[in-house]
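Asks: Dropping the sequence and predicted coords here.
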Amino acid sequence: DEGQSDVLHGVEVKDPYRWLEDPDSEETRTWVDAENELSRSYIRGDVREDVLSELKKMNDYEKVGCPFKVGDAIMFMKKDGQQNQHVLYRQDDLTSEPVVVLDPNKFSEDGTASLGEVEPSYDGNMLAFSVSLSGSDWRSIHVLDLVSLEEIPGSCDWARYTSIAWKKDGSGFYYCRYPAVDEDKTAEERGTSTAEVKNQMVYFHQVGSSQEQDRLIYEDPTTDWNFRLTTTDDGKYLLIGVTQSCAPQEKLQLVNIEQHFGSESEHMVVLIDDFEAVYHYIANDASLFYVRTNRDAPRNQIVRIDVEKEVLPSWTPVLGEHPSDVLVHAEAADGDKMVVVYQRDVKHVLELRQLQDGALIRPLQLPDLGCVSINSRRRHSDFFFRFTSFVHPGSIFHVDLKERGEPKLYKEVTVPDHDPVEYATEQVFYESKDGTKIPMFIVKKKLVSLPAPCQLYGYGGFMISISPSFSLTNLIWMRCFNGVLCIANIRGGDEYGEAWHNAGIIEKKQNCFDDFQAAARYLVSSNVTTAKQLWILGGSNGGLLVGACINQRPELFGAAVAAVGVMDMLRFHKFGIGRFWTSDFGNPDDPEHFKSIYVRGRGRRRWRDGHVEISQIWNREILDIRRKPPSEKTDPKILYSPLKLLRYSQTHAKNAIPIDEQFGNPDDPEHFKSIYAYSPLHNVSDPAAGGKPYPPTLLTTADHDDRVAPLHSYKYAAELQHRAGTSATQTAPLLLLVDTKAGHGAGKPTSKQLEEAADRFAFVSKATGCPLLS
């Protein structure tokens with residue numbers, strides 16, 4: 001629809017694919033079916049089937065999560081062989097036989113129903129758990145009697161991005177929910193909605209009662225806040241962290257539920273009334289709290305404060321900010337101790353310290369360079385941690401602090417016919433465009449000679465660190481293609497704390513793309529790989545990364561795969577919870593942020609005195625097939641046949657109008673500039689007008705992704721195929737593959753994970769010429 005446009009801060013922005021934002025329209029469904037058939041015709045073949053067979057064979061092993069104590073018992077998640085979902089087990093002690101507590105594989109016939117939150121009551125007699133359908137972020141919360149293993153009547157619907165905080169006596173729990181929406185749809189159908197989700201509320205649910213009887217604890221319809229709930233170990237307090245974005249910033253509220261249960265709203269105390277930092281509860285002695293925070297400490301510190309006496313944010317330091325390492329986690333254990341995890345150059349360091357003053361008791365040795373997850377409770381004298389790395393599937397250790405506390409191997413996860421010793425992991429530091437040193441992991445089989453086929457992965461956002469962790473699909477790449485695995489720890493994440501994150505957001509978002517492109521150049525110049533053999537991968541914010549990089553420097557890459565990416569940077573904040581992402585991307589409604597998102601387009605754009613002058617450097621007749629509803633289109637198979645496209649365009653072409661976009665809050669004039677400069681949808685280049693051809697590109701998404709709506713990938717795919725795909729010099733395929741009954745990734749069943757990986761490797765093998773080893 002060429003007539004569809006918006007005027008943002010004085011700039012007319014065309015949006016011809018707005019019709020693809022409706023996932024339920026007949027036109028969109030027909031278009032998606034055609035895209036899937038097109039992509040399947042390219043991907044299907046022997047390579048896909050052989051890779052899928054190898055994935056299924058190697059996937060036949062036990063995947064075990066980090067155990068946690070429930071009373072005197074032990075609980076853990078485990079998935080055997082080809083099971084679609086992890087099963088929750090319980091054992092009475094370290095040596096007893098585990099028994100099944102909850103098996104989500106029985107929730108649905110196709111395995112697309114999954115467990116979300118799992119929270120046992122203080123006494124270990126009940127378990128609150130949430131269920132998601134088809135990968136949606138919507139949850140329903142249920143309660144299981146852990147004695148009889150029978151579900152207790154009374155579920156809680158409309159939960160999303162919720163925590164579950166039990167009252168100590170087990171009578172009920174606090175949780176977060178939204179107002180009911182789309183009540184005419186089934187629970188599964190709601191997962192395809194793109195509507196904004198607003199007005200989260202805090203409720204208390206009495207076990208055994210209906211949700212209609214739940215008691216409202218807190219809401220503020222005048223704001224757009226989300227909540228994080230914690231009840232203290234002694235059961236005395238309810239803590240509510242109030243967030244307004246994805247930034248590590250929250251207000252903090254507290255109520256003494258020992259004194260004021262039933263009237264929490266009237267006795268809520270605001271401890272911190274600004275969005276300057278985040279506060280993670282560790283433990284408390286009555287009103288004396290131990291908290292991990294980034295306030296005045298970009299790499300985090302632990303402080304102590306008396307919430308009944310002191311005016312926050314004054315406090316007593318317990319464990320100060322480390323000069324270089326990031327304090328990523330801390331949990332209390334054995335009464336007067338705490339288990340602390342530091343991140344040192346993206347690898348984890350595990351320590352045991354005194355709770356009261358932070359004094360080091362001793363470090364806890366890890367098997368290799370990798371990362372850990374821990375589960376400990378102050379009331380227990382033992383705890384578990386799970387170690388993993390790029391080549392170690394998982395080693396679970398038990399630490400008994402009454403017996404000196406040295407880690408003892410509890411369970412070793414092994415993959416069939418895999419020996420970690422055969423692989424080498426190296427960490428390098430390369431220079432980005434502005435001279436910043438960026439860490440990158442390079443992993444490969446020791447006997448592989450270079451240059452070799454190479455997968456480069458990146459994320460760079462939302463204070464998420466990409467630490468060493470095991471992935472079967474990464475192993476298949478190294479094992480079956482003799483491939484090199486590279487992880488670039490670009491700016492925007494939490495690899496070095498808040499400063500590292502801030503260097504890759506809003507008006508500095510381009511640093512993320514520069515870092516990633518510099519990684520590609522380093523790998524080629526260092527003879528690790530060649531440009532033809534190098535393919536890039538990213539998901540969600542990483543999908544944005546891939547889209548921006550192939551727009552800006554397509555010649556650096558042999559192929560590209562962007563999964564569930566955020567591609568329409570001028571409208572991302574209008575769907576689902578997208579408005580919370582403005583903390584990283586900026587606000588497209590801000591003119592300054594808009595410039596940064598939109599400015600790197602196909603045409604020359606000059607910003608003068610707050611307005612934009614757009615000077616097109618091209619104007620040609622091109623095929624308009626992708627901007628028409630499916631009923632008006634020809635056979636979609638012509639889309640990756642340039643000769644057919646050119647012949648078709650001689651009689652069906654229209655004048656094209658360039659469009660551009662990118663991250664920030666588009667409603668904020670300042671953010672608008674930043675976002676407009678890099679938005680993938682609005683910065684697609686035209687090879688026929690001086691731009692460089694795109695590498696073979698595969699965009700993937702899913703119909704139930706209600707976090708990053710599939711419309712992002714739909715619109716970007718349509719623009720790529722229309723803008724670049726019609727050029728005679730664009731000979732590489734530009735494809736879109738849409739999964740069904742799947743979401744953003746969480747809870748995706750094993751069967752779908754393996755199919756998705758087989759699709760990706762079949763595409764990469766064909767696109768780059770990288771053969772599958774026999």
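Replies: Looks like it arrived, so ask away. Numbers count the residues shown, from 1 in each chain.
Asks: switch to C-alpha atoms for all contacts and neighbour counts from now on
Replies: Noted.
Asks: lowest confidence element among the helices and strands of this structure?
Replies: strand 611-615 (a mean of 24; mean pLDDT, DSSP states H and E).
Asks: What are the boundaries of the helices in this protein?
Replies: Using DSSP state H, the helices of the chain run over 26-43, 46-58, 257-260, 472-480, 498-502, 510-525, 541-552, 582-585, 591-598, 642-652, 669-676, 711-719, 750-768.
Asks: Tell me the buried residues in the longest one?
Replies: For helix 750-768, a neighbour-count test (16 or more other Cα atoms under 10 Å) marks 750-768 as buried.
Asks: So for the residue positioned nearest the centre of the chain, what's the nearest residue that isn't a sequence neighbour?
Replies: Among the residues of the chain, the one closest to the centroid is residue 540, at 6.1 Å (Cα atoms, centre = their mean). Once flanking residues are discounted, residue 540 sits nearest to residue 565: 4.3 Å by Cα to Cα, 6 or more residues apart in numbering.
Asks: burial count for the one you found?
Replies: By other Cα atoms under 10 Å, the residues close to residue 565 number 29.
Asks: if we can go back for a sec, ok, of the helices of the chain, where does mean pLDDT dip lowest?
Replies: Lowest mean pLDDT of these: helix 642-652, a mean of 29.
Asks: For the closest residue to residue 237 other than its chain neighbours, give me its contacts.
Replies: Distances taken as Cα to Cα, 6+ apart place residue 256 nearest to residue 237, at 4.6 Å, with adjacent residues excluded. Taking Cα atoms under 8 Å, 6 or more residues apart in numbering as the criterion, residue 256 is in contact with 236-238, 264, 267.
Asks: follow-up on the earlier one: out of the helices of the chain, nearest to residue 158?
Replies: Minimum separation from residue 158 across the helices of the chain (Cα to Cα) falls at helix 711-719, 23.2 Å.
Asks: what's the angle from the closest one to helix 541-552?
Replies: Interaxial angle, helix 711-719 versus helix 541-552 (axes from the mean of the first three to the mean of the last three Cα atoms, to 10 degrees): 20 degrees.
Asks: buried ones in helix 711-719?
Replies: 711-719.
Asks: what's the answer for stretch 132-150, then?
Replies: Under 16+ other Cα under 10 Å, the buried positions of stretch 132-150 are 132-146.
Asks: Can you tell me which of those is closest to residue 123?
Replies: Using Cα to Cα, those come closest to residue 123 at residue 146, 10.3 Å.
Asks: ok, that closest one touching residue 128?
Replies: No. Applying Cα atoms under 8 Å, one finds residue 146 not in contact with residue 128, separated by 10.1 Å.
Asks: can I assume the residue nearest to residue 540 is in contact with residue 542?
Replies: Yes. Using Cα under 8 Å, residue 565 is in contact with residue 542, at 6.7 Å.
Asks: give the contact list for residue 74.
Replies: Contacts of residue 74 (Cα under 8 Å, 6+ apart): 67-68, 90-94.
Asks: Now a PyMOL select for only the buried ones of the residues you listed.
Replies: Per 16+ other Cα under 10 Å, the buried members of these correspond to this PyMOL selection:
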select buried, resi 67+68+90+91+92
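Asks: so what's residue 131 bridging to?
Replies: residue 115, residue 140 (DSSP bridges).
Asks: hang on, it packs against residue 139?
Replies: Yes. Contact criterion Cα under 8 Å: residue 131 and residue 139 qualify, at 5.4 Å.
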